[in-house]
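> need coordinates for the below:
(one chain, ligands or ions: 2)
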Amino acid sequence: MALNAFRITEEPYYHSIANEIALFEAAYSARMPMMLKGPTGSGKTRFVEHMAWRLGRPLVTVACHEDMTASDLVGRFLLDAGGTVWHDGPLTQAVRHGGICYLDEIVEARQDTTVVIHPLTDSRRVLPLEKRGELVTAHPDFQLVISYNPGYQSVLKDLKESTKQRFAAIEFGHPSFDAETRIVCTEAEVPEEVAARLVRIAASSRNLKGHGLREGASTRMLIHAARLVARGVALATACDIALVLPITDDADLRDAVRAAIAVAAA
Ligand SMILES: Nc1ncnc2c1ncn2[C@@H]1O[C@H](COP(=O)(O)OP(=O)(O)OP(=O)(O)O)[C@@H](O)[C@H]1O
Ligand SMILES: [Mg+2]
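Residues are numbered from 1 along each chain as shown. Ligands and ions are numbered 1, 2, ... in the order given. Got it, this is the predicted structure:
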């Protein structure tokens, strides 16, 4: 069957933070376009994978970038032995066959590319394939989900107001101490006390946000540090290579993060 390759057969581990699973289920049942907002490494991608599995829908993910064209999303004619043949792009595949289409980092795409989703995300639920002269009506199971890291973009790279206002949003942030400890524990397979220590360390790096750091350490970074600890790397070294070095090139700031870590690790 179409989109079989996009089915998620095993449950992606997702630790629920608040009522986001129920909210997403309600939004999906109304086929409402959804925006997942939050800093890098906060669980947006994992959440959409989990929800696609839970809802039993195939998940078609597109990593958006500056050079992406509307054709990369909707499809194009390609030349083969028999002449030119139309190939559906990933968005069109999801629209036709009833998948969840996840446009990751949507703000990276140019605004003239983004507007192709407009007729899909209002009451029309159609996708015009201009080059082919076809108007595809969305499959009843189709849903569009986008991710958005607020705050990183320049004004130039923000979404158009008319795009933003087509979506309902779920916000992701840093999980509570207990939730994050559980996530790190499970994902990195480390004892709870190691995970808890790393989560405390992360909290101290997050306090430096705005004082030179654009973002504190993400849950993703903590999992990296924990995986190194699980393989015998000393905690201080693991924190240095997984939490400090990647986050800033500024020597003074690195020292400040290291100092904060040393206090939290003591
Ligand atoms: N609530 C959660 N439950 C389970 N794992 C989580 C959760 N939050 C974060 N993680 C872990 O953190 C990692 C990073 O999360 P994810 O890739 O979903 O972040 P993201 O928000 O999509 O980041 P980006 O904006 O950079 O794409 C995941 O691979 C997973 O290991
Ligand atoms: Mg992601």
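> I figured Gln111 hits Ser162, correct?
No - using C-beta atoms under 8 Å, Gln111 makes no contact with Ser162, being 9.8 Å away. C-betas here are computed from N, CA, C, even on glycine.
> pLDDT wise, what is the residue of the stretch 51-200 of the chain found nearest ligand 1 at?
With C-beta to the nearest ligand atom, the shortest gap between the stretch 51-200 of the chain and ligand 1 falls at Glu187, namely 4.2 Å. What the model reports for Glu187 is a pLDDT of 98.
> quick check, it in a strand?
No - Glu187: not assigned to a strand; according to DSSP: H, G, I helix; E, B strand; the rest coil it is helix.
> for it, what are its contacts?
Shown in contact with Glu187 (C-beta atoms under 8 Å, 6 or more residues apart in numbering): 13, 223, 226.
> run the last query once more with 7 Å
Ile223 (C-beta atoms under 7 Å, 6 or more residues apart in numbering).
> try Ala265
197, 201, 235-236 are the contacts of Ala265 under C-beta under 7 Å, 6+ apart.
> Leu213 now?
By C-beta under 7 Å, 6+ apart, the neighbours of Leu213 are 247-248, 253.
> closest one to ligand 1 out of these, please.
When those are ranked by distance to ligand 1 (C-beta to the nearest ligand atom), Ile247 comes first, at 13.4 Å.
> phi first, then psi, for the closest one.
phi -80, psi -30 (degrees, to the nearest 10).
> can you give me the helices for the stretch 101-250 of the chain?
111-114, 161-164, 177-188, 192-206, 219-230, 235-239 (DSSP state H, counting those that start in this stretch).
> what angle sits between the third one and helix 192-206?
Counting by axes from the mean of the first three to the mean of the last three C-alpha atoms, to 10 degrees, helix 177-188 points 120 degrees away from the direction of helix 192-206.
> now helix 177-188: buried residues?
179-185, 187-188 (16 or more other C-beta atoms under 10 Å).
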